[in-house]
Structures are given as structure tokens and as C-alpha cells.
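In: mind looking at a prediction? Sequence and model below.
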Amino acid sequence: MISSTLASYYNIPIFEWGLTSARQLTDINRYPTSLPFSVNSYSLAMAIRGTLKQFEWSEFVFLYCNDGDDEKCESLKDDIQTVTSQHSDITLAYTTRIKSKNLSDMRTAIRDIKKRGRIIVACVASGNGSKRTLMQAAALENANTSEYVYIMAETNSRGFIVDEPGGKSHYLWEGVLNDAASFSVGESRQSMSNLLFLVDNMGMNDEVTPQYLNFSKKVIEMMKNPPFNCVEDCAGEEYSSVAKYAGQLADAFYAYAVAVNRSLTANPSANIRNGTMILRNMGMTFEGVGGGDVMLDPDSSRTSVITMIGLNSSKLPETYGRLMINNQSIEFEVLYADERSDVWNGRDRPNEKPICGFTGTQCPPNFVRDYLVFVVLIALFLTVAIGAATGGVMRSLDHDNLNKFIALCLNSTQLMSIWKYCSRGSLSDVIERSSMQMDSFFMLSLIRDIANGLGFIHSSFLLCHGYLTSKKCLIDDRWQVKLSDFGISVVRNEDNVSKEGLLWTAPEVLRNEMGERKPDGDIYSFGIICSEIITRTSPFDMENRKEKAEEIIYQLKKGGFNAIRPMLLPDDSLDINPELTHLIRDCWTEKPSERPSIEQIKSLLKGMNDGKKGNLMDHVFNILETAIAEKLKSGISIEPETFELVTIFFSDVVQFTNLAGRCTPLQVVKLLNDLYTIFDRSVVAGVVGLTMPRYCLFGDAVNTASRMESNGKPGRIHVSSEANRLLTEVVGGFRTEERGESGFCVLINSPTMAPTPPTNSKGRICVPGSRHPIRFEPTKYKECTWNGEGFNIRFCQEGAVFVQSANMCMNVQTSYPTTRWTTRPPPTTTEYYGSCTEDGGRAGYKPDVYNCKNFYQCASGVWTQRSCGQGTVWNQSILTCDHNRGQCRPYTRPTITPTWPPYPPPTVSPYPYPGNQFKK
């Protein structure tokens, strides 16, 4: 085609001959200076159509094998599909590819295709014995009887005659094949009784004429003369005859010479390299060197002559007709006297379908009338037996994503299957309700449920669903998808499926609706359902299309490289993983062998979901408290709790900005959660960033608390008047100071709250969590308890002192490099709690002064630290962990005076900090 493109650009005439079978070369608008002399695969497809019309067939199947020739059969298949889509008088019912030229693979393909057609168009490679092997496979499968017809359409072929080097030839049924069955020559010939060849005669008659032999002899002789001088190199036997396409080349030269003469006669000064002018003068008909007619139309297109060859009653090749193909026109020249006696050897013309159909259920009325009683009895027995057996096994299937099969009703006028009711309807119903909001996580959960259910079916005895649509995907009250209507083929085969119901069906199944359903078809249907989910439209968006369902089905059957599929255009607001759209396209690819398996799909979906398991409602229940979630799962209603009085605590963390800058986001979230769960109670609000938030509290009270915190004083807590009353009059133990007009008044933009007095942490008033140094004892500090009821004495680790400016213990050498002093090491656990008592009771358990969540237990004479569970603290009064945090009473350690050398302790004023000089 590159040469033809260049010739068209430079307006140079070019004549294609030999193996130039590309259909595009016949496009006069694209290649106005090109004239192909060879027959292309589109002409062969038109010849197949002409043969079918001649014998009044309208339906056929196509069988092909690429083993030995990757392009020949693929080109013919594409052109056959093009012809069937352009003309409604023939239908391609089924197409299948043979894996290899081995006899076993061909027998498998024959078994498959005999259930779908009787007029079989076959295409296999030439020269490797594939044709003979295919016909032997048909004989072994009893598929070469008078009911079957095989048609092979080829170029560069003489049908039943196979050419050999040196001008020799033999019949197709002769020779030895290593992979063929042990057929004799006679048996091989008999297997080809119902085979018809449609071949290009390459400008020759059916047999090699003396005219062509004379031409061949002249070519061989002239090759020895200048400028070829091929004497020694052309002495071999393979050079004793001319190439098959030599006649086409000679015809092309002759046609060009005639066109040049016509052009110069009309205009002596014409340029003979003018391509458009030469092709305008190419309309002619002449006898080719092979004896056949060469017909060139005035529009520079050659009429292809295709010969139909079969075996006569003597089992010898005989020409039964010629087809003249020119663009869309077909002319069939009949060369037989009587069709029944000549073409079919005394038999009736084969029908395109068996009398009772491929499944034996379409018998004509007379057949049904004669055998009605037997047919009814047999059908009833088989239906009951198969239905009962299948129903029993079906009831044993149990999976979270399969709808439960209950029973098969056989005692009514119509067979019915009974399934468990799903309250939310089908997935199709949910998609049609446009008001239903679905985010990407919701969509992925639905898709994953379908994949899990389909995976279980594919691994069970069912092997496949076969009829999967979004209407068969039911949703229960927990928003879990359950596949329904699987199995029960007895009932399913009786259903009349509408055209709209076929929009989920794979193309290969549409081409043969009576064929066996396979898992590959389920994968295609799964892809269509996924497109419905992410686009939230019906399959192929039929509501917004001009085409009807029948037209979509027709285009699906047609298939091809750019076959019709739904548009994948999800909403821009949805965060759809690009891998999901690629997976959907892989699922509905035209070739079933290229579709992923269900296990591969499940693995990919798991990766898209970060490895999370569980269905949608499992993630919804994670938001709730465990006890509440379990009650909801059990169907128990939860009454909301009402709190008459709630305290909102709004606080800030000291140096939180610096702390957050040195931590990861998840570390910050964990820190805040651990910190605030120390003092929260029944009404809690979660920390932003956790997967289990409790409540989201907003309103005037929250805004007021925020203003109180932002306008407060460091080290003080600003409380409302009601909180002040509770702390001082009800709870007790707190000292507060009113913020009046002395400069401590807080202006609060709240319609319901006024300035209120805060608590005060000066002096001995305890602010929970605050730390203070101890005079003359730098290795200790006091820390306020979490409930503000007192101070606990804390000890720094060995070699460290408490630094007030850092609010922490620091190493002595780094903080005070000039200090030289000694202190007693921190006390042991025994010094705190005394000796370990083995007798149990209260003496065997002690609280931890550092953390109310921990406690010490006496075990084997040693104090062992234990920890309470999430949300609980140690309750010393009942010797167990408890949710009632008000019972936490930290144990105060005894004060231990360090032993100093024989000089007075250092004086530090007011507190030790870096730079102090200690004096003896």
C-alpha cells in the first residue's frame, strides 16, 4: 500500500499482481492510479455470499486455523464479517478458531461447531496438510454426512489439486501426513465428498491448457537470454515451470500496452506516465495467457472470476460454476446440468439447519403429531428428574454473595424457581434511582461483592452463571450484593429473553444463542455491570441513545476490531481508580481468551481496596461502638441516650506546632487520642483522622468554649458560671477566681453566655498534668494528678535532673557540665510498695502512680506491671479494671531524702536551670 500511495501522489500508474490481497487497494478514491490484477479476500467473501444465495442458504458458521499462516484466515474472517454486516440476506451464526493443526484440536473444534451449523465455511493454511486433516477430523466426528457442506475459499489454489515443484501435482487426498488419522487414500477421498472449493483461477481455465503450457515453455527459454542470462542457476527441476502468477504479470503488461496505444492515439503528445490517463483507457476484455477471460471495467476495477469446484460421482474434481465479482455485484454462472445428480451426487440439497433444530426442540408439526405422546412423556420425565436433582444440589450452595435458592416448583403449569427475598431490590433498581448517592468506595464494595459471588460459582459444579445481568444482582437490607437466578438450566432455557435483556450477553454467545454458556461470557457480563455502576446508567445508556436494542445486538454480533461497547465516562466528582476502568475494558474484550479470570479480577480489586476485607456494612458498623454494632446486626433497635448536663472541654496542647512538625500525621492523631481519652467520659467526641469518630458536635456551646480557650490565660482554665458552681459547690476541692474588670475580663461573642470566672492554678492549687520543681531536690519534681486532687512525687532517671524551662528531666552532664554532686539512685519497686505478698487480696495488687491505666500484681515474689484494656482504668477499691474513672486513686510514693556528702546541699534560687552555679 505504500507503493500505491506514492504512485498516487506522483500520478504514476501501478499494477498489483501476485499475493496483493489487501482490500484497500481497490479503493479508487484513495488509489486513483492503481489497478490490482489479483483477487483479494473481500472478493472471496462476496463469492461465499453468492454461493449461499445460489443454494438458498441464509445462515452459516466460520471455522479457521492460523497455524501455518497468521494473516490469510484473519483477513478472510474480517471481510466475511464486513460482508455479512453490509448484506442482510446472510447471517454468520458462529465463529471459532482451531488452536492448532493437530488432529485432536480439529476434532474438538468440529464437535463444537456441529452443534451450531451445517453450512461450514473453513479456512486453514495451504501446503501443510491442514485441509486433509480437517476433513478426516470431520469424518471421525461423523460430521461429513449428507447433512453437512464444507466450503473453502482461497487464492493461489487449484482446489483439490496440489502443485509440486517441477510442474508436478497430486490430489489433496494423496500423500502421507504424520498427524493425520490412519486413513487410506480412498477413505481420505471419501471424507471430502461434501467439500466445495471457491478458488481464483488466476487468469487460467480450470485445467492447464496447451496455450498456457506453450507460454510457460517460452518464459523458461527466454530466461536464458539477455538481460536475465539465467542458465546454470535455472537448471534445477524447480525452474522447469513458471510461477503461478506469471500469467497475471503477462496480462498486466498486455493491458498496459493497450492502454498506452489508446492514449497516444487520442493524443500523440500524451505522457505515458500519466497514471490517471492510463487508467481511463484500461476498460477492456481479453483472453489471458492461461485461457481465461480478463475483464477490466472503465472505472479501472478488475472483475474477479472465482471458480466453484467439487467432487463428482466418480470422486474427481469438477467445475460446477463461476462467480464474477465486481464490487457489490455477483453473477453466478451455472456449469452443472442438474444440481441434485451433479453437485450432491443424487442426494437432496443439505439444509442449513437440522429438521428438529440443533437441540431437537424445533420439529415440524407432522413430526410432533406422530410422536407427541412419546415426546411429552420423555420431556416430562427428564424435566422432573433433572429439575429435582439440580434443585437438591442448588440448596446446598451457601455463600455470602449468593442468593439462597429455596425450591423448584414442578407441580404447576409453569416451572418456577423460588429464591430468598432481598428487600432493596436489584442493582438495576438502585442505579435507576438517580437520587441514590454512591461514592467510589460504595461502588467498589458492590463490584467486589459481585466478583466474590461469581468466583464461588466458577469454582462450583455450576462452572458459570450464564445469564448474569444487573437485574440478577440483588441487594439485601445490609447493602450486600447477592447473585441470583444461577443454575436451573431447565427453567432458564424456557425463558423468553427480550432484546434489552441480551445487552449483557457476550458477542460469541449472541452469535449462537443455543450454544454452551462459559465463564468467559460471565466475565463479559461482569464488565457491563461494572460500567453501569461507575456511570450510574443502564447498559449502553439506552435511554439517551437513538439506536434501538436490536441495532446494538446486531453490532455486537458483528464484532470486529473496534466493536461497540458502553461509554466509560464516570462523574468527575468521583475518585474512580484508573485501574478499575482498565479492568472493565479487559473484561469485555472481543476475544474470550484475552479476558481475565475471576480470580485475577478478585486479586486486582483487592489491591484497589488496599487489601481491606468485608462488605459495605462491615465498614459502616466500624464507625459505631462494638456493643451498638452487634445489637444492630441482631436486629435490635438502639434507643438514643439523653444527657441533661454535659461539660465541653476545649483545650490546646503546649508547643503542639513544634510537636506536630516532628511527627507523622498518624502519630499526631494517636497522641491526641491517647491524651484526651484519659479524662473523657460518657459523651465523647472523636479525634479527627481516626476511622471510628463518635459524634460531631457543633453549635453555640462549642463556639463559646472555643472563644473561652482562645482568650484564656496560660496555666488557667476558663470555665462558665455553671461549671464553676459544680466545681466549687457540688464536686468541691477546687479554688476559682472571678475574672472581673481588673483586666482579666474575656469578651465572648455569644448570645447566651457571659464572662465567667476561671479556676486558678497558682500556689498549691493543682492543675492536672502540671509539673513543678522541688526546692533543694533537683532529681525530683511534683506532678498534678489527672483529676486535680493532689501532687505525686516523680523521680528523674539516674544522672538526670528536672529543668523547669524544659518541663522535663535532662541529663546532668548536658545540662550542668560544671556540676559535681552525687545523689542516691531512684528507689526500687519494693521501696515504693514494700515486699511482695503472695497471699493475694489487696496486698497483692497496687496501683501505678504514673498511670491510672496500669497496676502492679505480686507474682512469684516480684511486682509485675499489668495494663488495663482500652477505655478502662485500675480501680483499687474493687481490685479490677473499670470504666468508672472517678474511682482511680493514684498511690503516693513515700518521700525519700537523698544522702549527701558531708557538706550542705547546694542552694538554687529560685529553681535549677542551665547556667546555675552550685555552691558548697
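Out: Yes, it's here.
In: quick one: contacts of stretch 160-176?
Out: 127, 129, 131-132, 158-159, 185, 188-189, 191-192, 197, 216, 237-238, 240-241, 244, 309, 311, 317 (Cβ atoms under 8 Å, 6 or more residues apart in numbering). All C-beta atoms are positioned from the backbone trio N, CA, C, and that covers glycine.
In: so which of those belong to strands?
Out: Counted as lying in strands by DSSP state E, out of these, are Phe197, Ile309, Leu311, Pro317.
In: what residues are up against the residue positioned nearest the centre of the chain?
Out: The centre of the chain sits closest to Leu583, judged by Cα atoms, centre = their mean, with a distance of 2.9 Å. With contact set as Cβ under 8 Å, 6+ apart, Leu583 has these partners: Cys530, Pro596, Ile601, Leu604, Leu605.
In: verify the stated contact: the second one with Arg585.
Out: What it means is Pro596. No: contact criterion Cβ atoms under 8 Å: Pro596 and Arg585 do not qualify, at 10.8 Å.
In: neighbour count winner among these two?
Out: Pro596 (17 against 12; other Cβ atoms under 10 Å).
In: quick one on the thing from earlier: closest to Asp575 out of the ones in strands among the contacts of stretch 160-176?
Out: Using Cβ to Cβ, Phe197 is the member of the ones in strands among the contacts of stretch 160-176 that sits closest to Asp575, with 59.5 Å.
In: spatially nearest residue to that closest one (excluding sequence neighbours)?
Out: Nearest non-adjacent residue to Phe197, counting by Cβ to Cβ, 6 or more residues apart in numbering: Gly159, 3.6 Å away.
In: may I have the phi/psi pair for the one you found?
Out: Main-chain torsions, Gly159, degrees, to the nearest 10: phi 80, psi -120.
In: returning to that earlier point: closest one to Val481 out of the ones in strands among the contacts of stretch 160-176, please.
Out: For these, the nearest to Val481 is Phe197 (53.9 Å; Cβ to Cβ).
In: and the closest one, how far from Gly50?
Out: Distance, Phe197 to Gly50, by Cβ to Cβ, to the nearest Å: 14 Å.
In: of these two, who's got more company?
Out: Higher neighbour count among Phe197 and Gly50: Phe197, with 26 against 21, using other Cβ under 10 Å.
In: bridge partners for that one, pull those for me.
Out: Met152, Ile309 (DSSP bridges).
In: and the gap between it and Ser43?
Out: Taking Cβ to Cβ, one finds Phe197 at 15 Å from Ser43.
In: before we move on, what about Gly129?
Out: 26 Å.
In: circling back to that earlier point, neighbours of the residue nearest to Phe197, how many?
Out: By other Cβ under 10 Å, 24 other residues sit near Gly159.
In: got it, and the one 10 residues further on?
Out: Other residues near Ser169 come to 12 when the count uses other Cβ under 10 Å.
In: can you get me the start-to-end distance on stretch 790-803?
Out: End-to-end distance of stretch 790-803 (Cα to Cα, to the nearest Å): 21 Å.
In: now do the buried residues in that stretch.
Out: Phe791, Ile793, Arg794, Phe795, Cys796, Ala800, Val801, Phe802, Val803 (16 or more other Cβ atoms under 10 Å).
In: pull the most distant pair out of those residues.
Out: Farthest pair in the buried residues of stretch 790-803, by Cβ to Cβ: Phe791 and Ala800, 19.7 Å.
In: just to revisit the earlier point, would you mind measuring from the residue nearest to the centre of the chain to Cys123?
Out: Leu583 is 33 Å from Cys123, by Cβ to Cβ.
In: now Ile330
Out: In terms of Cβ to Cβ, Ile330 sits 20 Å off from Cys123.
In: what does Phe160 give?
Out: 16 Å.
In: hey, where'd the strands end up in the stretch 451-600 of the chain?
Out: 473-475, 481-483 (DSSP state E, counting those that start in this stretch).
In: and of those, who's closest to Ser3?
Out: strand 473-475 (55.0 Å).
In: now find how far off-centre the closest one is within its chain.
Out: Strand 473-475 sits 20 Å away from the centroid of its parent chain (Cα atoms, centre = their mean, to the nearest Å).
In: list the helices and strands it packs on?
Out: helix 427-432, strand 481-483 (3 or more Cβ pairs under 8 Å, 6 or more residues apart in numbering; DSSP states H and E).
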